[in-house]
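>>> Everything below, folded, please.
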Amino acid sequence: MSADSQISSYHEWHAEPGYWADVTRHFSPDVQLLDVGCGTAWLSRHFVNYTGIDSSDSTVANARERGINAVVGDLNEGLPFPDGAFDAAILKDLLEHVNDPVALVSEVRRVLRPGARVYACSPDAQRWVWDDYTHKRPFTRVSFRKLFSDQGFKVRTAGYESIFPGVGIISARTKSHRRPLIFRIMVWLPFHRRNVWLLAERTQG
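Below is the predicted model of the structure:
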């Protein structure tokens, strides 16, 4: 199996989760959105003005065949977009994979307009993180906040989100497509499998 085929299979495994509204609820459907590390580009179903970027040629080709605006790009080499091109960005399950998260967050800031929002999530610093050999690092809630605030973002909120096995299936059966309240409470227990997440705003200047 080629490296790109392996990446595509990985992306298929990370297709639209049942709790997709926990991501999309932070943005208007007509926002000019950049999906960084878009994978299967499932977020395009929820946003009219969508642009996705990913390093997988085959995954992007598949998205483009479905009429989705997606481009191939090496996320370790910057973003191929002009300054201030977007007013929102999503970095879902991405920063644990890149060589230099500081550089990428700085690039995301560059391509966002002042006042634009960014949502990001990555694995919490728990032992299960290392079961995925593609992970380069986990984050704590404190380090995730600092990663964005040090690159010129004002963090509006930060917390934990449940990725406990089965939570996606349960969430898909709800009308809201959000994680049920019990999972949002249990996520604060240190043994609960979770991501760190935040919502931040690009500052002026």
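>>> Find the residue closest to residue 64 in space, skipping its chain neighbours.
Closest residue to residue 64 apart from its sequence neighbours, by Cβ to Cβ, 6 or more residues apart in numbering: residue 70 at 5.8 Å. All C-beta atoms are positioned from the backbone trio N, CA, C, and that covers glycine.
>>> Over to residue 144?
residue 196 (4.6 Å).
>>> and the one you found, what helix or strand is that in?
With elements taken from DSSP states H and E, the one containing residue 196 is strand 194-202.
>>> re earlier: my read: the residue nearest to residue 64 touches residue 63, true?
Yes - under the contact definition of Cβ atoms under 8 Å, residue 70 touches residue 63, with a separation of 4.2 Å.
>>> Overlap in contacts, these two.
Common neighbours of residue 70 and residue 63, counting by Cβ atoms under 8 Å, 6 or more residues apart in numbering, are 38, 41, 44, 52.
>>> farthest-separated two in these?
Using Cβ to Cβ, the shared contacts of residue 70 and residue 63 reach their maximum pairwise distance at 38 and 44, which is 7.9 Å.
>>> quick one, which of those two is more surrounded?
The residue with more neighbours, out of residue 38 and residue 44 and counting by other Cβ atoms under 10 Å, is residue 38; that gives 27 against 20.
>>> wait, isn't that one in contact with residue 52?
Yes - distance between residue 38 and residue 52: 3.0 Å, which falls inside the contact criterion (Cβ under 8 Å).
>>> Centre of the chain to stretch 26-46, how far?
10 Å (Cα atoms, centre = their mean, to the nearest Å).
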